[in-house]
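Predicted model and sequence follow; I will ask about them next.
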Amino acid sequence: MVPVTTQLIKKPLQQQAIKTYQIGTLSSTQKAIIFDSGTLISFSMNGLTDLIRKLRGIFKGRFLITSDVKKEIIDKPLTIKRFELEALKLQALLDEGVLEMPSSLGLNEQEISTRANEIMTFANKMFSSKGKEIHLLDIGECSSLAVSKMLTEKGIQNILAVDERTTRMLTENHEGLRNFLQKKLHTKIQINEANIKFFQGFKFLRSTELVYVAYKKGLVGLKGSNVLDALLYAMKFKGAAISEDEIEQIKTMG
């Protein structure tokens, strides 16, 4: 029987055409979704970590987090009473093998760290104002980008699950990010053109696209005409950088 490629994501991105991410034809070791901390926190804070389990069940690939992301979503929150419960739920996903470390695909931790620091240096030298460089990314985001680069080099198809606007715009729309920063900081921003090519080739999705897939696949377990609307807005209010227009665009996809 010939495997049929399943369309996992139709993703509104800025004002570009809707993009798709395909799953279904590759073996389980040949593709991965790399989760940044914000996306998993969005699921956890909305009480939707079980959807991660269910999504992993239909995805013939790996769900990865880096050591730096683990520190942000599990290790440090476990020491803070306010966030302890969410951290325990995410720890359970790791213990069950729903989430895995990059070593499961043969990546070396030291190389990830070296590549992440390199990416962070390039990212934080991309924009400047009045001779002062603008800090954009921290080590968690950069470690996820490093893993994506390393998997691509190994021929492993991958996509980054990132809710935060800056990381996505840095790689997909650096001019848009410059305009955004100029409005936010009320100053003229210069771009280091030599660094642009370093951030090309990444693919992204957000928690909103993931809950859309869960909804379409019947994984949510709720009924009613406003379930998708509620899911999308819950993610928006818990950190996903998505506009109301984009939410409406997703809802029209049925």
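Looks like it came in fine.

use CA for all of it now, contacts and neighbours both
Fine.

hey, where'd the helices end up in the stretch 151-254 of the chain?
Remark: helices assigned in the stretch 151-254 of the chain by DSSP state H, counting those that start in this stretch are 165-172, 174-185, 207-216, 227-237, 244-251.

how far out from the middle of the chain is stretch 192-206?
Put simply, stretch 192-206 sits 14 Å off its chain's centre (Cα atoms, centre = their mean, to the nearest Å).

Using CSV, list the CA coordinates for it.
Extracted in CSV, the C-alpha atoms of stretch 192-206 (Å, rounded to 0.1, in the frame of the first residue of the first chain):
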residue,chain,number,x,y,z
ASN,A,192,24.0,43.9,9.5
GLU,A,193,23.4,42.5,6.0
ALA,A,194,26.1,40.0,6.3
ASN,A,195,24.2,38.1,9.0
ILE,A,196,20.9,37.7,7.0
LYS,A,197,21.9,34.6,5.2
PHE,A,198,22.7,32.8,8.5
PHE,A,199,19.0,32.9,9.4
GLN,A,200,17.5,31.6,6.2
GLY,A,201,15.9,28.2,5.6
PHE,A,202,14.0,27.6,8.9
LYS,A,203,10.4,26.5,9.0
PHE,A,204,8.0,27.5,11.7
LEU,A,205,4.5,26.8,13.2
ARG,A,206,2.8,28.1,16.3
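
re earlier: determine which stretch of the helices of the stretch 151-254 of the chain is the most buried.
Greatest average neighbour count among the helices of the stretch 151-254 of the chain goes to helix 207-216 (a mean of 21), per mean count of other Cα atoms under 10 Å.

what's it packed up against?
strand 6-11, helix 37-45, helix 49-58, helix 227-237 (3 or more Cα pairs under 8 Å, 6 or more residues apart in numbering; DSSP states H and E).

same thing but 6 Å
Contact partners of helix 207-216 among helices and strands, from 3 or more Cα pairs under 6 Å, 6 or more residues apart in numbering; DSSP states H and E: none.

ok so, going back, with distance to residue 40 and mean pLDDT as added columns, please give the helices of the stretch 151-254 of the chain in JSON lines.
Converted to JSON lines, these look like this (distance: least, Cα to Cα, whole Å; pLDDT from 0 to 100):
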{"stretch": "helix 165-172", "distance to residue 40": "15", "mean pLDDT": "92"}
{"stretch": "helix 174-185", "distance to residue 40": "24", "mean pLDDT": "92"}
{"stretch": "helix 207-216", "distance to residue 40": "8", "mean pLDDT": "94"}
{"stretch": "helix 227-237", "distance to residue 40": "11", "mean pLDDT": "94"}
{"stretch": "helix 244-251", "distance to residue 40": "19", "mean pLDDT": "90"}
